[in-house]
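Q: sequence unavailable; structure follows:
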């Protein structure tokens with residue numbers, strides 16, 4: 001697997017990456033701090049921390065061979081680390097991972113790959 005970062009000079013925010021596995025797909029990186037540490041959401045829902053010192057979480061969504069993961073929203077713990085995150089799928093499903101609240105009542109478009117973005121507002 002090879003990751004290349006478009007706009008590698010970014011120190012925070014969201015960037016689009018090119019992912020090569022067997023075919024090209026897209027992924028999203030969400031930066032945790034200005035030290036260029038980030039979590040990478042691949043097209044299938046797996047979240048990869050960029051360094052071993054970032055918290056790792058289990059139990060997240062994974063869609064084998066299905067490019068349906070669309071966005072990642074990190075939830076900081078207020079002390080410089082991360083307590084969890086949300087993964088948005090293309091149908092609008094929001095999947096909590098880690099020590100974050102469940103999400104319910106949002107829009108959902110079954111069979112229609114239209115959802116694109118997600119943000120957590122404190």
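A: Everything's here; your move. No experiment lies behind these values; they were computed from the predicted model shown.

Q: tell me the contacts of the residue lying closest to residue 55 once chain neighbours are set aside?
A: Excluding its sequence neighbours, the residue lying closest to residue 55 (C-beta to C-beta, 6 or more residues apart in numbering) is residue 82, at 5.2 Å. In this view, the C-beta of every residue, glycine as well, is placed from N, C-alpha and C. By C-beta atoms under 8 Å, 6 or more residues apart in numbering, the contact list for residue 82 reads 32, 39, 54-55, 74-76, 98.

Q: quick check: PyMOL command selecting the buried ones in the residues you listed.
A: Buried members of the contacts of residue 82, defined by 16 or more other C-beta atoms under 10 Å, are picked up in PyMOL with:
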select buried, resi 32+39+54+74+75+98
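
Q: which of the contacts of residue 82 fall in strands?
A: 39, 74-76, 98 (DSSP state E).

Q: now do the helices in this protein.
A: Taking DSSP state H as the criterion, the chain carries no helices.
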